[in-house]
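> quick one, structure for this:
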Amino acid sequence: MVGTYIFNEYYDFKSGVDVNIPTEHVTPFNAGSRVLPSALLKPEPVFKLGVMAWILYTLIAIYFTFTVGWMIIPLSLIGFISGAFYTMPPFKWAYRGVGEFLICLNYDPLITLVEIPC
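Down below sits the predicted model:
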C-alpha cells in the first residue's frame, strides 16, 4: 500500500488531477498529501521512492513465500497489480470506478488470507 500511495501522488500530479483543486475542496480524504502540487518535493524522488517501496514489497513477498508457502505468490500478485494500476497508466482504475473496490480487496480479504499464524 505504501507503493500505491506514493505512485498515486506521482501519477495524480503528472496527469494534473490534483493540481487545480481549490483549497476549500481539499479534505484529509481526497487530493493526496499535496506535497507535489505545493512543490514541497520534486516528482522524480517521489517516483524513485515508489520504486524502492515496491522492491521492498517484492523482497518481503519472496521471503514469506519461502517461509510460509506458495500461496503468498498469487495473493501478492493480486495485491501488487491492483495497487500498482490504481492511478498508473494504462489502466488507471481509480478513474474508471473500480479503484476503491480493488483497494478494499487489498485491505480486507487479502490481508486476512495472508495473516501468518504466530
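
> list the contacts for the spatially closest residue to residue 2 that is not a sequence neighbour?
In space, and not counting its chain neighbours, residue 2 is closest to residue 53: 4.6 Å by C-beta to C-beta, 6 or more residues apart in numbering. (Glycine included, C-beta is placed from N, CA and C.) When contacts are counted by C-beta atoms under 8 Å, 6 or more residues apart in numbering, residue 53 touches 2-3, 6.

> just the buried ones among those residues, please.
Listed as buried from the contacts of residue 53 are 3, 6; burial here means 16 or more other C-beta atoms under 10 Å.

> quick one, longest helix in this protein?
Identified as the longest helix of the chain according to DSSP state H is helix 43-67.

> buried residues, stretch 66-75. List them.
In stretch 66-75, counting by 16+ other C-beta under 10 Å, buried: 72, 75.

> so where is the protein shaky, pLDDT-wise?
19-32, 110-118 (pLDDT under 70).

> now do the helices in it.
Taking DSSP H as the test, the helices found in the chain are 2-15, 43-67, 72-84, 99-105, 111-114.

> can you spell out which helices and strands pack onto the first one?
Helix 2-15 makes packing contacts with helix 43-67, helix 72-84 when contacts are defined by 3 or more C-beta pairs under 8 Å, 6 or more residues apart in numbering; DSSP states H and E.

> closest to residue 10 out of those?
Of all the helices and strands packed on helix 2-15, helix 43-67 sits nearest to residue 10, with 5.0 Å by C-beta to C-beta.

> re earlier: which one of the contacts of residue 53 is nearest to residue 108?
Using C-beta to C-beta, residue 2 comes nearest to residue 108 of the contacts of residue 53, at 17.8 Å.
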